[in-house]
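In: Take this sequence and fold it.
(chains A, B and C)
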Amino acid sequence: MTSPIDIEGGGTSVVVDGEAGPSAKAETVQLEGRSPGRLMWMRFKRDRTGVISACVVIFFFAIGLLAPLISKLYGKDPYTVYADERPELFDSAGVPVQPNGGISGEFWFGLEPGNGYDVFTKLLFGIRTSLMISLAVTVTVVLTGILLGVAAGYLGGRTDFAIGRVIDFLLAFPAQLFFIASMPVVVSLFVSPRDETPTYVRVLALIIVQWFLGWMSLARILRGTSLALREREFIEAARVSGASSWRIIRKEILPNVVTPLLVQATYLLPSFVTAEAGLSFLGVGIVEPTPDWGQMFSKASTELVMQNDITYMFFPGISMIIFIVAFNLLGDSVRDAFDPKTAR
Amino acid sequence: MSRGGRHTYGALSVLAAGALVLTGCSKGGSDSGGDDKKQQQNAQRQQALIKFGDEKASTGPAAEVPGAKSGGTLEVLQRDSYAHLDPAQIYVADEGALATLLHRGLTGYKATSNDGSKHEVVGDLATDSGTTTDGGKTWKYTLKDGIKFQDGTPITSKDVRHTVERLFAPFINQGPTFLQQWLADSPGATYRKLLKDGPYKGKHLPDSVLSTPDDKTIVFHFKTARPDLPYALAMAGYGIVSQKGDTKERYDKAPVVSGPYKIQSFKSGKSMVLVKNTNWDPKTDPIRHQYIDRFNFSFNQQYEASTKALLADSGADQAGISFNNQVDAGNLSSVLRDAKLKSRTVSGYQSFVGQMNINMSHKPMQDKTVREAIAYALPVTPFVRAYGGTDAMEVAGGLISPTVSGYDAAFDPWGKKKKPAGDAAKARELLKKAGKLNMKLTFGYINTPEGQQYSTAMAAGLKKAGFNVQRQEIPAETFYDQVSKLDNNYDIFHTAWGADWPSASTVIPPLYDGRVIADGAQNYSQINDPQINSEIDRISKITDPAKAASEWEKLDQHIVKDVINVVPTAYYKQTQIAGSKVGGLVYDDVLSGVDPRRLFIK
Amino acid sequence: MLRFLVRRTLGAVVILFLLSMVTFVLFFGVPRDPALLMCGKTCNADAIANIHHVLGLDKSIPEQYLIFLHNLVMGSDSFAQGPCPAPCFGYSYHSNEPVWDTLIDRLPTTVSLTIGSAVFFLVIGIGAGLVAAWRRGTVVDKVATAGAMVISGMQIYFLGPLALALLVYQTHWFDKPAYNDFTANPLTWFSGLLIPWVILSTIFAAQYTRMARSSMIEQLQEDHVRTARAKGMSRRYVFFRYAWRGSLIPIVTIFGIDLGSLLGGAIITEWTFGLPGLGQLSVQSVFFSDLPLLLGVMLFAAAMILLFNIIVDAAYAFIDPRVRLS
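Out: All right, here's what the predicted structure looks like:
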């Protein structure tokens, strides 16, 4: 978003440094007493695209959360092998006999070629799995980013140098290759290779490997922010008044990095969704029969689907595009709401 | 831009997405038809009996292929590059097919019909398929005159001795082990103790095991009768290796060959060129031809790519073929239904039979009612489906494949041919009767896309019958090592086995003889049944191959129906295609694929 | 400049060294014995021990690591498969080919894929971005921005199979993508890679469109640009002479990063289209527990990333004279 704020008449810039009250440019009326958070919320509410995207995003999280309930009402689950239950609907290679992937009043989104799972419930549960993993990765990454970023920025000196070098090092990792190579290792940390790998272990492993190479960009940004804050007068004042480093970080620095944090987190989450799906697509993430967005893409890329049932690939495909686009638009809106001056 | 503008983008995004959906309509089904009819046609083709040929049958040259012409270049499209060229390391089908052009052995299979269904084991380098006077304990071979390696050095009994002795060297670990085990008279891998370092540190096999009294004679001495030796020696893995030219590990990339073709160049993963070996004399060879001047191999040709190129039939691909690529699953049904392609395609069975093993070392599995319940409940359809449907897989009744003599098409004790999706009701009843409803059943599956697909559906079928199925993934690359460990977790797991030669003696004894149970051995179900063991001993001694075959089939039916340590799932089928200028196209049941030796350019 | 290069190169070498160590440790953390894969049908403890010995896996991990480093720098003649001149990563466990040769062999595929799609996405992406910035607020701008938005929500693993299904499997308009040697036949090289190029660059182009547009617009707000415009220079002149140059920096940064990671192997793209490049090789090395190959591709990919980071930083000095390399 590049338009200067005074053209749009949408309010004033947020002051993130903790100084009292925003210094208004034109409209000085009625602005006292509003916290930056409230201002942000007001600005956000006025942004129609932002609100719509937020609704879409909430919708996705809601269906993920309610997937078991929905599938109960719908009367099917994503684990029933309809190719054996209802063999008349399939040919011997497992392709639905009816056109358009077997879409019917009974199977709203059709049937999956192969074992003939119900695509509708599979997609719901797949979204559930993917969002759960990505949300967990985002949370761990944010926590790590705060910890290391703020530590590097505020403490400076050797800590900064050490963390900076670690970040440089990890940024040089070929991330995808590293994910693929380390997934089996991480899985084996939790189960002996002779036991069944429960789904939660795969989920955990996915979270860990993505976290490991996911926090650096956020930490860098937070380092920059806290580095700048460190030189500010109010921090100086706190220090002079005898506050401990811990207290300064907690009370003075953290509230002021919330803005970049929230903005970055809304950008990070969709990227983790696509990365997780990529791993499952390559076959190193979530595997059949656990429903997962990426695993559906992996199915969609088989010759069986590409040759016989192209309809199938649109369900994971379109739903993911809508989700990612909505989330990215939301990210832009969040950033504009926080800091309307930021150029885009 | 304005805020309203961003809203427009949102709307446009949805429109674009909608446009994508519109293109996504598809028709149903995978274009296959007439499944049942095809199944019957295929089942008619099965292995005829094979006999051991005498000196006359072993004399070259091989009978002309009808209509054959000399000359031309054949383009060979292969998916996998050859990992091994050293005969002693060759076991898999790809390299086995190549080996028919490069390597010769003491014996070999001579086709006695032009359709690839009838064969005879004859002497290849040897003058006959071997002579024994004591029922198979001592076997004598005499080398032919005029046999040479590609460098012109004559092949002598010293080379044969060297070939056998280096099988014991530690770096030889991929090829077959029948001969080594027979010479050492011990199962498993303990044979290596007989000659720990191979011939490379000055030690040799004693005359009591292998004697080479003169340059032309080789005598094998076994402690136990081995009537199948002529079959075993015909394996590509026992092809002749030059003593002078042996470079140990490096021989695997550049062997000294004795067959009609030699390697002009080999770029692993890319290409290979074979040209005529001028030191090969057709008069010494009853098996091979040398019609084609040159073979151009190109690797990394996936099934779809090779099928498409050969279907297109243009340019160099008119004289194109693949020795091992099948018609890909997507094109299979349309290729099979196209009458115009009939002369350019060949179909047949692969030697493999799929089977679900029930681990007899686990206490709960020792209850026969439970095994019966598994046999009834197990759906075979998921397996057939995962590999492309009934054009590629045929529901199996017994353990002896149509490529092995003795096959009985009518045998189907668990009604799999009628109810391939399993009979959950009947199984549930049995489980209830045994009081084992909801018993735990650990299912080890191979972690490939196909394995994931069929194992989940099979598990669902077993669950319906009242089993509490626990699926455990096993990495594909080490699958067979894991399931052949005696102490493994898996109650059931699926394996496939192909006969090493077309006799059930390479199927039933290695898989079901209770006395060969060992870590890494192939008695995966760990069945040790006195009746099976004694029957194996009895049938192994039968010298009449026809009688032996029918006895093996009886034992097969006993195992499947009464012992129930395995449930047969499917016979593997395949279809191959060639360009229009390729002549002599035949599906060879022994090679389980196109016979490269008979090919010529029209 | 020279000092900068030397310093950064040394830093990169240190990082590669550490990465090789991490990869080593990681590999031995995999609960899978590579010897099992090579052992064949009659595998027993002796055979495994022998393979371990041949591969040098019977030595301690630090010792193996030192041998690896030694061979990398000095080369080695002690491999059973043949000689191995420096830089020697050893022989692949799976194919028995020298790892270095394999890397060199796969490189043309990856380079072709990268260069080809880079040309596409730079031209299309930046072009669309500039047009959108030039005609800001018009329908053209909106269509370009909305298109970029939607495309940036797409992934190779959706768009790739979709293109294959529509263009190859359903309509048969194209052959399945394949890599053909450029020197042998430029035409088949081009046609074989066309679909991967278009798909890969479509996804990348969206990012460049958005970036080129926003950084161009940002530049147009800059004081020096406004001043130039106020002085009466034509819009076109200011646009291409002043603003364009300033907007280049973020683009060059992202381009360098993209190029580096693509040259290390576009794993999902190569996997989707079945192209035998470094990305496919790296996945194989993991699946086959092929340590020498894994080390080879890992270090190669990281070296590419680091190399392009250095190039990007050096390039700043040329684009923006204010940047001083330290």
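In: going forward, measure contacts between C-alpha atoms and count neighbours the same way
Out: OK.
In: check contacts around B:Pro413.
Out: B:Gly397, B:Val560, B:Lys561 (C-alpha atoms under 8 Å, 6 or more residues apart in numbering or on different chains).
In: Chain A: which of these is nearest?
Out: Here the nearest of the contacts of B:Pro413 to chain A, counting by C-alpha to the nearest C-alpha, is B:Gly397; it sits at 18.1 Å.
In: ok, which residues in chain C are in contact with chain A?
Out: By the rule C-alpha under 8 Å from any C-alpha of the partner chain, the part of chain C lying against chain A is C:15, C:19, C:26-27, C:29-31, C:149-150, C:152-155, C:157-158, C:161-162, C:164-166, C:169-170, C:214-215, C:217-218, C:261, C:264, C:267-268, C:271-272, C:282-283, C:286, C:298, C:301-302, C:305-306.
In: Tell me the buried residues within the residues you listed.
Out: Listed as buried from the residues of chain C next to chain A are C:15, C:19, C:26-27, C:30, C:149-150, C:152-155, C:157-158, C:161-162, C:164-166, C:169-170, C:214-215, C:217-218, C:261, C:264, C:267-268, C:271-272, C:282-283, C:286, C:298, C:301-302, C:305-306; burial here means 16 or more other C-alpha atoms under 10 Å in any protein chain shown.
In: Who are the contact partners of residue 170?
Out: You didn't say which chain, so I picked chain A. Contacts of A:Leu170 (C-alpha under 8 Å, 6+ apart): A:Leu213, A:Met216.
In: try chain C instead
Out: C:Gln170 neighbours (C-alpha under 8 Å, 6+ apart): A:Met306, A:Gln307.
In: And B:Ser298, how far from B:Met272?
Out: 7 Å (C-alpha to C-alpha, to the nearest Å).
In: Identify the residues contacting B:Lys276.
Out: So B:Lys276 contacts B:Pro260, B:Tyr261, B:Lys262, B:Gln290, B:Asp293, B:Arg294 (C-alpha under 8 Å, 6+ apart).
In: partners of the helix or strand hosting the third one, with directions?
Out: Pointing back at B:Lys262 there. Following DSSP states H and E, one finds B:Lys262 within strand B:261-267. The strands that strand B:261-267 pairs with in its sheet are strand B:271-276 (antiparallel) (by DSSP bridges).
In: Pull the residues that contact the helix or strand following the partner strand.
Out: Next helix or strand after strand B:271-276 toward the C-terminus (DSSP H and E): strand B:294-298. Under the criterion C-alpha under 8 Å, 6+ apart, residues B:72-78, B:270-276 lie in contact with strand B:294-298.
In: list the buried ones in stretch B:488-499?
Out: Within stretch B:488-499, the residues scored as buried using 16+ other C-alpha under 10 Å are B:Asn489, B:Tyr490, B:Asp491, B:Ile492, B:Phe493, B:His494, B:Thr495, B:Ala496, B:Trp497, B:Gly498, B:Ala499.
In: Repeat that for stretch B:577-584.
Out: So stretch B:577-584, judged by 16+ other C-alpha under 10 Å, has buried residues B:Ile577, B:Ala578, B:Gly579, B:Ser580, B:Lys581, B:Val582, B:Gly583, B:Gly584.
In: quick one: which of those residues is nearest to B:Gly135?
Out: Nearest to B:Gly135, judged by C-alpha to C-alpha, of the buried residues of stretch B:577-584 is B:Gly584 at 38.4 Å.
In: quick one, what contacts the closest one?
Out: So B:Gly584 contacts B:Val65, B:Pro66, B:Ala68, B:Arg598, B:Leu599, B:Phe600 (C-alpha under 8 Å, 6+ apart).
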